[in-house]
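Chemist: sequence first, predicted model second:
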Amino acid sequence: DAKTTQPNSMESNEEEPVHLPCNHSTISGTDYIHWYRQLPSQGPEYVIHGLTSNVNNRMASLAIAEDRKSSTLILHRATLRDAAVYYCILKSGGYQKVTFGTGTKLQVIP
Amino acid sequence: DAGVIQSPRHEVTEMGQEVTLRCKPISGHDYLFWYRQTMMRGLELLIYFNNNVPIDDSGMPEDRFSAKMPNASFSTLKIQPSEPRDSAVYFCASSQFRDTLSEQYFGPGTRLTVT
């Protein structure tokens, strides 16, 4: 599986934007970039995914570099409820298996 | 929909005992996954099923672990005999194949403690 690299932890002030980076230099042309997050004491939940173009949904935005070797998950206004571990995952189109790395633990400071 | 349902939520057992974890996936989902999460190893995929058939069990740690999916609405993960190193949170997830997306929906997990 292609590997992703994320910082172990990040901090953000409440109500400010957060940019969570992910490096995936060995990404293949068929790999989609997926983001999940895991709130404390819960199972992971899907956040967003994309292939080449930037994507927006109600939870977040995903900015993908032109060479696709990196991406950034953007939370536009961090709230205390956004404190979680964020996982960046590569997933081939029709393939169901995903591998979770260590993720980035986001701390939101009031 | 109630989401993915797991039972029990907490299980404490003694070493050597048999443990059975249960999962009910979201109705209509054709994939079911079992994961294990520990501080040391993070979130690991143990096995996954498609239409009740095991597809990849390469993550099952050893013969003490077994998983079944007798029908589309029920799966079990069994550990026999259990050992202290099996203590972890076990998550079940389900998904519906949709080409590029197929997001997985996770249950609340079962926290297993083996003493």
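Modeler: Nice, thanks for sending it over.

Chemist: tell me the secondary structure for the most centrally placed residue in chain B?
Modeler: Closest residue to the average C-alpha location of chain B: residue B:34 at 3.0 Å, with C-alpha atoms, centre = their mean. Put simply, residue B:34 is strand when judged by DSSP: H, G, I helix; E, B strand; the rest coil.

Chemist: grab the nearest non-local neighbour of residue A:101.
Modeler: The spatial neighbour of residue A:101 that comes closest, neighbours along the chain excluded (C-beta to C-beta, 6 or more residues apart in numbering or on different chains), is residue A:4 at 5.5 Å. Where C-beta positions appear, they are placed from N, C-alpha and C, glycine not excepted.

Chemist: tell me which residues touch the residue in chain B that chain A sits nearest to, please.
Modeler: Chain A sits closest to residue B:106 of chain B, with a gap of 2.8 Å, by C-beta to the nearest C-beta. By C-beta atoms under 8 Å, 6 or more residues apart in numbering or on different chains, the contact list for residue B:106 reads A:42-45, B:4, B:35, B:91-93.

Chemist: quick check, residue A:81 in a helix?
Modeler: Yes - according to three-state DSSP, residue A:81 belongs to a helix.

Chemist: neighbours of the nearest residue to it once chain neighbours are set aside, just the number please.
Modeler: Sequence neighbours aside, residue A:39 is the residue nearest to residue A:81 in space, at 7.6 Å (criterion: C-beta to C-beta, 6+ apart). Residue A:39 has 13 neighbours, counted by other C-beta atoms under 10 Å in any protein chain shown.

Chemist: in contact with residue A:39, which residues?
Modeler: Contacts of residue A:39 (C-beta under 8 Å, 6+ apart): A:45, A:81, A:83-84.

Chemist: confidence score at it?
Modeler: Here the pLDDT value assigned to residue A:39 is 96.

Chemist: tell me the spacing between it and chain B.
Modeler: 11 Å (C-beta to the nearest C-beta, to the nearest Å).

Chemist: now that residue: phi and psi?
Modeler: Backbone torsions for residue A:39, taken as degrees, to the nearest 10, come to phi -70, psi 160.

Chemist: quick revisit: for the residue of chain B closest to chain A, give the beta-bridge partners.
Modeler: residue B:93 (DSSP bridges).
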